[in-house]
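**Student:** Sharing a sequence plus its predicted fold:
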Amino acid sequence: RDTFQQDLPITNLNLHNCSINKIEPGAFKGMNNLNELNLEFNQLTSIDIKQLDIPSLRTLRVGNNNFTLIVEAVFDKLPSLQSLGMEHCNIQQLPSLTFGKNTNLVKIDLSFNQLKAISRNVFSGLNVFKELRLAGNLITEFPHIPLYNISTLETLILANNTLTNVDFFKLNGLPNLRYL
């Protein structure tokens, strides 16, 4: 069922705190000019987010929803995505290659979730990736392997985790890291 008229000139859509609990397939069909979508503070799951098919979307904010489980290929229909906010979503784990088709991602905010570790290939293929926020999770070991050789990474926020050991020698694979 189409929700929006074809080719609306809307570039930013704010559906923040609208009690949305489901996204139907095709709900955003016709939103060809949409660059930014805010779905924060709703009752969505990652299965709902997988329904988003918005090739032009550059910024997606879905914080404060319940994404305990992230389904594979959840962001595959968002190839232009540059900024993703998923803070306070109770995320416990990210599948490998979660962002595999999002090669334009510059910033990801996964702060204040339930992440204990980061899978090996989660960030593989992100060639312009500059900022990763992981504050307030349950991470105990510095995520060396998933971050290894992401040479474009400039900012890594790990505050409010329970890191027990950081081997700074392993940061050599992050030559542009400026803020830790």
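**Tutor:** Arrived safely, thanks for sending.

**Student:** Tell me which helix or strand the spatially most central residue of the chain sits in.
**Tutor:** Closest to where the C-alpha atoms of the chain average out (CA atoms, centre = their mean) is L84, at 4.1 Å. Secondary structure assigned from DSSP states H and E places L84 in strand 83-85.

**Student:** and after that strand, which helix or strand comes next?
**Tutor:** As assigned by DSSP H and E, the chain's next helix or strand after strand 83-85 is strand 107-109.

**Student:** Each with direction, which strands does that next one pair with?
**Tutor:** Partners of strand 107-109 in the sheet, by DSSP bridges, are strand 83-85 (parallel), strand 131-133 (parallel).

**Student:** Bridging across strands, which residues link to the residue nearest to the centre of the chain?
**Tutor:** Beta-bridge partners of L84, as defined by DSSP bridges: L60, I108.

**Student:** residues in contact with it?
**Tutor:** Neighbouring residues of L84 by CB atoms under 8 Å, 6 or more residues apart in numbering: 59-60, 62, 75, 102, 105, 107-109. Quick note: C-beta positions are derived from backbone N, CA and C, even for glycine.

**Student:** got the CA positions of the least confident helix or strand in the chain by mean pLDDT in CSV?
**Tutor:** Within the chain, no helix or strand scores below helix 144-147, which has a mean of 87 by mean pLDDT, DSSP states H and E. Only the C-alpha atoms of helix 144-147 are listed here, as CSV (Å, rounded to 0.1, in the frame of the first residue of the first chain):
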residue,chain,number,x,y,z
HIS,A,144,40.8,-4.1,17.2
ILE,A,145,39.8,-6.7,14.6
PRO,A,146,36.6,-5.1,13.4
LEU,A,147,38.4,-1.8,13.1
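
**Student:** And for it, what's in contact with it?
**Tutor:** Helix 144-147 has contacts (CB under 8 Å, 6+ apart) with 118-123, 132, 153, 156, 167, 170, 173-174.

**Student:** buried set for it?
**Tutor:** 146-147 (16 or more other CB atoms under 10 Å).

**Student:** Could you report the distance from Q51 to L84?
**Tutor:** Distance, Q51 to L84, by CB to CB, to the nearest Å: 16 Å.

**Student:** Ok, N12 next?
**Tutor:** Distance, N12 to L84, by CB to CB: 16 Å.
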